[in-house]
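Enquirer: Give me coordinates for this.
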Amino acid sequence: MLRKLCKKYTELDQSDIKKLENISQILPIIADLVRANVFIDCATSDPNAAIVVAEAKPTTCPSMYEYSVVGELALRKNEPAALRTLEIGMATRDLKAITQENKTVRQSVVPIHNDAGDVIGVLIMEEDITKDVKQDRKMEFLAETTEQLTETLLNFRDSEYTVTYHINDAIVMFDQQGIATYGNPGAKKLYKKLGYRDSIIGMNFDNLVLDGNSFNKLINEPCLKVSEATVGKLTLQIKYAAMKQKNKIVGVTMLIKDITEVREKEKELILKSVAIREIHHRVKNNLQTIASLLSLQSRRINNDLVNKAFNESINRILSIAVTHEILAQNGVDDVDLKTIVTKIKNSTIKYGLPCMKNIKISVEGDSLTINSDKATSIALVVNELLQNSLEHAFDGKTEGFIEIWIQKGSMYSSISIIDDGRGFDVKAIKMGSLGLNIVKSIVKDKLHGHLNIDSTENGTKIIFDFKNE
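Expert: Got it, this is the predicted structure:
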């Protein structure tokens, strides 16, 4: 597994990989000695990600991991120690990190050098510090959860030095009779904005409630309740929780959060989404109109070579239109790649299949979401390769099969176009071919990927990859 991962994700040579394999064999011993999980990570082509190529769990104490993380990525934002040591070759001690299972640990990292002194990987030891982190996040939990706030509020309700005094959200406390006994500055400011002239302290719950909840129901069903209410131009999120002292309910806390701006932003996004859909719809229509005009023009020309150029241009324009058609339907900037490729296949079957030939085309593999810019580039490449296969692969044949295979990867995904045609000499490809130049340019400059062509007398396989988001 280590060798396979290194060949796929790294640029390490055979001797470097062999050295990492030797070290990986003693990882279990190291894990037991340090009583911790240990890993070997290697650099990838992405400067912000490393790949886990080996791991070992201690047998002398419980492991922090439920599953294997070999083959998973270590991202800079989660594991800065690993990436730092890989880059500068210096050991990193006791730096916090987030694991692939979303647990907080403390990492110590040392570099692994080859015979030339180059860093070829890092050895990582991890210690569980979840308890410490939970303690550090105590105030965050208190501020977020109303039920946890109430115990503190009861003890410090009148102090201006408490956290609640400086929270912008409105906090109102009611006693067992439903009378307001505490309101922080956020609450007083909110009710003043709603037109209340008197102090809210001493008011009955029925005069302050904004969403129609019943006080008796709240105090008799002591569980956290959340609702949303529109008051004037404000949209408010309201939480209720019963307050307890010594397991006895002594009142109710009401926390009100102004989410007006959030809802306004959501409305703006919806309106923008509608506008974007309309734009994509018009672009698609314009592209199809251009393709139709070119088609009409080509019919007036009796030159086969010129008509061939016209048809190639029409197919390229229609392949771009496919992306805008899907974007017009979705209203978002992300599209499903398999849907794009399937539409190109259907268009090819409808307009591009050679006469008197029975050629079947299938689309298989994974579904993955990509942005519109990448979708347009991939659509052009797939269309170009598919048209090329239809034009050249089945000369002298009456039937054939083309398979388009999509494979999703962790860092790079790929698309393969495989036919069972007559094949060709890869070395004899015309370097001046416009179609091939378009494909090479898009794959390299737009998709930041690689193109590989393999052909024999039994058929041709062309594969190109592209970096994931």
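Enquirer: Count the residues that sit near Asn371.
Expert: When neighbours are counted by other Cβ atoms under 10 Å, Asn371 registers 13. Any C-beta I mention is one placed from the backbone N, CA and C, and that applies to glycine too.
Enquirer: For Asp334, see how far away it is.
Expert: For Asn371, the distance to Asp334 equals 6 Å [Cβ to Cβ, to the nearest Å].
Enquirer: ok, now Asp41?
Expert: Asp41 sits 30 Å away from Asp334, going by Cβ to Cβ.
Enquirer: Next: Asp465.
Expert: As judged by Cβ to Cβ, Asp465 and Asp334 stand 19 Å apart.
Enquirer: Pick out whichever of those two has more residues nearby.
Expert: Between Asp465 and Asp334, counting by other Cβ under 10 Å, Asp465 is the more crowded of the two (20 against 14).
Enquirer: what's near enough to touch the nearest residue to Gly409 once chain neighbours are set aside?
Expert: Closest residue in space to Gly409, ignoring its immediate chain neighbours: Asn468 at 7.1 Å, by Cβ to Cβ, 6 or more residues apart in numbering. Asn468 is in contact with Leu368, Lys408, Gly409, Ser410, Met411, Tyr412, Ser413, counting by Cβ atoms under 8 Å, 6 or more residues apart in numbering.
Enquirer: looking at this, the last one is in a strand?
Expert: The reference is to Ser413. Yes - under DSSP: H, G, I helix; E, B strand; the rest coil, Ser413 sits within a strand.
Enquirer: Asp465 is in contact with that one, correct?
Expert: Yes - when contacts are counted by Cβ atoms under 8 Å, Ser413 is listed as touching Asp465 (6.5 Å).
Enquirer: Okay, buried residues for stretch 291-302 please.
Expert: Neighbour-count burial for stretch 291-302, counted by 16 or more other Cβ atoms under 10 Å, picks out Ala291, Ser298.
Enquirer: List of residues touching that stretch?
Expert: By Cβ under 8 Å, 6+ apart, stretch 291-302 touches Val306, Asn307, Phe310, Asn311, Ser313, Ile314, Ile317, Leu318, Ala321.
Enquirer: ok so, going back, from the contacts of Asn468, which is closest to Met64?
Expert: Minimum distance to Met64 across these is 22.0 Å, recorded for Ser410 (Cβ to Cβ).
Enquirer: And the pLDDT at that closest one?
Expert: Looking at Ser410, its pLDDT is 83.
Enquirer: mind checking which helix or strand Ile112 is in?
Expert: In the assignment (DSSP states H and E), Ile112 maps to strand 104-113.
Enquirer: Any buried residues in that strand, and which?
Expert: For strand 104-113, by 16+ other Cβ under 10 Å, it's Thr104, Val105, Arg106, Gln107, Ser108, Val109, Pro111, Ile112.
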